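here's a sequence, model it:
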Amino acid sequence: MNTKIRRGTDRGHADHGWLSSFHTFSFADYYDPKAMGFRALRVINEDRVAAGGGFPRHGHRDMEIISYVLEGALAHKDTTGTSAVIKPGDVQRMSAGTGVQHSEMNASKTEGVHFLQIWIIPDRAGHAPGYEQKSFTTEERQGVLRLVASPDGRDGSITIHQDATLSAGLFKAGETATHVVAPKRFAWVQVVRGTIEVGGEKLVAGDGLSAEGPGELVVKGTGDAEVLVFDLA
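Model prediction:
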């Protein structure tokens, strides 16, 4: 299996005072022609938003946008009429489709919020805008790669308009889980927190690893860790 590591230290970074954002792939003012995304995975931004801060109402089209909160709470509002608060353990998907306006604000006036914003290019343009949010317990994700997003919503996952899946796992030192990458499929492993090993390679928070199937990715915790695994066409 061919693998390649993108270290978190190589990510782009923007500091706006109220927002500190690390960009795994090219985004906004950060541009790297060698890091324009991976397959349909276009954006992984690790954002820390100060108390009372956030992203005021703005628009998107034709993108599957997933929010994954690590600490704090994120308040979401959009022009489909949805209003929700996203907390750790929640996975939120907003399909921008033919066009939607939304805001993502820190729900707290006293504490920061730390989350990942993920963009996946949809299978086609022109889907109707949509929203979905589900919660996954610590127990569901501990020591395993729990499916949290898929095209068909199987196993209680949220749905996305793309031939891709997203799994989330929490690992203590020594815990392992295996993700099988089928022939002509691709995977991206993103270390959210802590430290892991994949195929003997040590990865720390912020690191990403790409892989081309067929083969197996064995994720091993080397300390308390949180990991996302994308499986892509």
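
got the buried residues for stretch 14-22?
By 16 or more other Cβ atoms under 10 Å, the buried positions in stretch 14-22 come out as 19, 20, 21, 22. Every C-beta, even on glycine, is put in place using the N, C-alpha and C of the backbone.

OK, contacts around the residue nearest to the first one when sequence neighbours are not counted?
When you say that, I think you mean residue 19. Closest residue in space to residue 19, ignoring its immediate chain neighbours: residue 49 at 5.6 Å, by Cβ to Cβ, 6 or more residues apart in numbering. Applying Cβ atoms under 8 Å, 6 or more residues apart in numbering to residue 49 gives the contacts 18, 19, 74, 105, 106, 112, 113, 114, 115.

name the element the last one belongs to?
Following DSSP states H and E, one finds residue 115 within strand 113-120.

related to what we said a few turns ago, just the buried ones from the contacts of residue 49?
Those of those that meet the buried threshold are 19, 74, 105, 106, 112, 113, 114, 115, by 16+ other Cβ under 10 Å.

right, and the last one touches residue 86 too?
Yes: with contact taken as Cβ atoms under 8 Å, residue 115 and residue 86 are classed as touching, separated by 7.5 Å.

between those two, which contacts overlap?
With Cβ under 8 Å, 6+ apart as the test, residue 115 and residue 86 both reach 67, 69, 74.

how about the first one, nearest residue that isn't a chain neighbour?
Distances taken as Cβ to Cβ, 6+ apart put residue 92 closest to residue 67, at 4.4 Å, once the chain neighbours are dropped.

partner strands of whichever helix or strand comes after the strand holding residue 115, with direction?
Sequence-wise, the next helix or strand downstream of strand 113-120 (DSSP H and E) is strand 130-135. Sheet pairing of strand 130-135 (DSSP bridges) gives strand 90-95 (antiparallel).

residues in contact with the partner strand?
Strand 90-95 is contacted from outside by 60, 63-69, 76, 78, 82, 84, 86, 100, 102, 122, 127-136, 148-149, 158-161, 166, 168, using Cβ under 8 Å, 6+ apart.

need the buried ones from those selected in ChimeraX.
Per 16+ other Cβ under 10 Å, the buried members of these correspond to this ChimeraX selection:
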select :60,63,64,65,66,67,68,69,76,78,82,86,100,102,122,127,129,130,131,132,133,134,136,148,149,158,159,160,161,166,168
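
buried stuff in the lowest-mean-pLDDT helix or strand in the chain?
Every helix and strand of the chain was ranked by mean pLDDT, DSSP states H and E. The lowest is strand 54-60, at a mean of 83. Within strand 54-60, the residues that count as buried by 16+ other Cβ under 10 Å are 54, 55, 60.

how about stretch 165-185?
Quick answer for stretch 165-185 (16+ other Cβ under 10 Å): 165, 166, 167, 168, 169, 170, 171, 175, 177, 179, 181, 185.

repeat for stretch 211-222
Of the residues in stretch 211-222, those buried (16+ other Cβ under 10 Å) are 211, 212, 213, 215, 217, 219, 220, 221, 222.

where along this protein do the helices fall?
Applying DSSP state H to the chain gives helices spanning 138-141.

circling back: what's the closest of the buried residues of stretch 165-185 to residue 193?
Within those, the smallest distance to residue 193 is 9.0 Å, found for residue 170 (Cβ to Cβ).
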